[in-house]
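1. after the sequence you'll find the predicted model.
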Amino acid sequence: MRWETRREAEREVEPGMGRETSERDSAALQRAFAEIVDDSAAPSLPSVTDAAVAGGRRIRRRRAVASAGSALAVAALAVTVAVGLTGPGGSEGRPGPAAPPSDPPPSATPTPPSEVAPSEIPTPARNGEHSGAPGVPSAESAPPSPGFR
Amino acid sequence: MRRRAGWVREAVREREFREFAEARQAHLRRSAYLLCGDWHQAQDLTQTTLMKLYAAWGRVRRDGNVEAYARTILTRVFIDQHRRGVWREELVEAVPEEQSAPPTTRELRLVMQAALMELPPRYRAVLVLRFWEDWSVEQTAEALRITPGTVKSQSARGLRRLRQLLGTLAHEVNGR
């Protein structure tokens, strides 16, 4: 890839950017790269293998320490969470959630569905108000108590 | 017994790595030189690359393509160091004297190298991988963690810029 003049170089500029580079370009560039890294120009440099091995060992050791540390941290976190969940006495000493007193005790056998349709829950009527709910006596319709007679 | 097996494994691993490093470090250094344009920086790049390669040697060896892996590390380390500004241009104490002799092969080589160093590091990396290492667009894209489309466009832009620079520099050299 030697262009002696600017015109020569400009003539070779690709019109399309996405176009594949031609074989000629590729070969010329490869030749130019080979010329740049011509061995004669390279100074005699020592081998880096020993330094690379030492550095690589250091990286591996550091990685091992880091992974051991993170494993330890995860284990410590797991223990902390487990202790926090179970509490000091464990699950046996802790009382279960209290059931409301009106609830029937849970039976082992499932209860058959009731034949009577569930009725509305009776609510106490306020003064001057008629609830209208069946089975709930209002102030007027209620039988007088024996004490009024 | 188990400990002894570990030592043996480690020794084999080191021997294999040393064989590879001794055989391939000259080529790696040349590629590094194309990327950074300085032999001592190229030496540092090669050492860092081999260091990282040794740290991952077991896995890389199992995967197979050690050579390609080494080149990928080299290019990534170069781009990464450039991004972090590890390398700065160094000022020289004296400006070299201008030569009035006609351009020689060496001079043209320097022109080419100067043009290459004018390119942004990423374009340089794409050109070196594509045309020096002879990698495909896909391989280059994978190594540089970019899309094949970006490799194509950066390669075309890099070539175009290189031609322009070479045209200018060659004109200057010829005009002297």
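-> That came through, no problem.
2. number of nearby residues for B:Gln47?
-> Close neighbours of B:Gln47, defined as other C-beta atoms under 10 Å in any protein chain shown, add up to 22. Placement of C-beta: from N, CA and C, glycine included.
3. buried ones in the one helix or strand it maps to?
-> Using DSSP states H and E, B:Gln47 falls within helix B:39-55. Within helix B:39-55, the residues scored as buried using 16 or more other C-beta atoms under 10 Å in any protein chain shown are B:39, B:41-55.
4. and the longest helix for the chain?
-> No chain was given, so I picked chain A. Counting by DSSP state H, the longest helix found in chain A is helix A:49-86.
5. could you do chain B instead?
-> Ranked by residue count and defined by DSSP H, the top helix of chain B is helix B:2-36.
6. low pLDDT regions in chain B?
-> Where chain B drops to pLDDT under 70, the residues are B:1-2, B:86-106, B:170-176.
7. which residue ranges make up the domains of it?
-> For chain B, automatic domain parsing gives the domain ranges B:1-65, B:102-176.
8. a markdown table please, covering these and showing distance to chain A.
-> Below are these laid out as a markdown table (distance: least, C-beta to the nearest C-beta, whole Å):
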| stretch | distance to chain A |
| --- | --- |
| domain B:1-65 | 3 |
| domain B:102-176 | 3 |
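9. for those domains, which one sits closest to A:Arg31?
-> domain B:102-176 (9.8 Å; C-beta to C-beta).
10. how big is the angle separating whichever strand or helix holds A:Ala27 from helix B:2-36?
-> In this structure, A:Ala27 sits in helix A:23-36 according to DSSP H and E. Put simply, helix A:23-36 runs at 110 degrees to helix B:2-36, going by axes from the mean of the first three to the mean of the last three C-alpha atoms, to 10 degrees.
11. give me the helices and strands touching helix A:23-36, please.
-> helix B:2-36, helix B:105-118 (3 or more C-beta pairs under 8 Å, 6 or more residues apart in numbering or on different chains; DSSP states H and E).
12. of the ones you listed, which is nearest A:Ser44?
-> A:Ser44 lies closest, by C-beta to C-beta, to one member of the helices and strands packed on helix A:23-36: helix B:2-36, at 11.0 Å.
13. chain center to the closest one, what's the gap?
-> 18 Å (C-alpha atoms, centre = their mean, to the nearest Å).
14. buried set for that helix?
-> Judged by neighbour count using 16+ other C-beta under 10 Å, the buried positions of helix B:2-36 are B:14, B:17-18, B:20-21, B:24-25, B:28-36.
15. and the two most separated of those residues?
-> For the buried residues of helix B:2-36, the farthest-apart pair by C-beta to C-beta is B:Glu14 and B:Leu34; their separation is 29.3 Å.
16. and B:Glu67, how many residues sit next to it?
-> Neighbourhood size, B:Glu67 [other C-beta under 10 Å]: 13.
17. and whichever strand or helix holds it, what does it pack against?
-> Here B:Glu67 sits within helix B:66-83, counting by DSSP H and E. The contact analysis (3+ C-beta pairs under 8 Å, 6+ apart) places helix B:66-83 against helix B:2-36, helix B:39-55, helix B:57-63, helix B:121-127, helix B:137-144.
18. switch to 6 Å and redo it
-> helix B:39-55, helix B:121-127 (3 or more C-beta pairs under 6 Å, 6 or more residues apart in numbering or on different chains; DSSP states H and E).
19. quick one: low-confidence parts of chain A?
-> A:1-22, A:39-41, A:88-149.
20. and A:Pro46, which of the three is it?
-> Following DSSP: H, G, I helix; E, B strand; the rest coil, A:Pro46 is assigned to coil.
21. show me what contacts the most centrally placed residue in chain B?
-> Nearest to the geometric centre of chain B sits B:Ala32, at 3.1 Å (C-alpha atoms, centre = their mean). Taking C-beta atoms under 6 Å, 6 or more residues apart in numbering or on different chains, we find B:Ala32 in contact with B:42, B:45-46, B:74.
22. one more: B:Glu22?
-> Taking C-beta under 6 Å, 6+ apart, we find B:Glu22 in contact with A:Thr49.
23. distance of it relative to A:Ala52?
-> B:Glu22 sits 11 Å away from A:Ala52, going by C-beta to C-beta, to the nearest Å.
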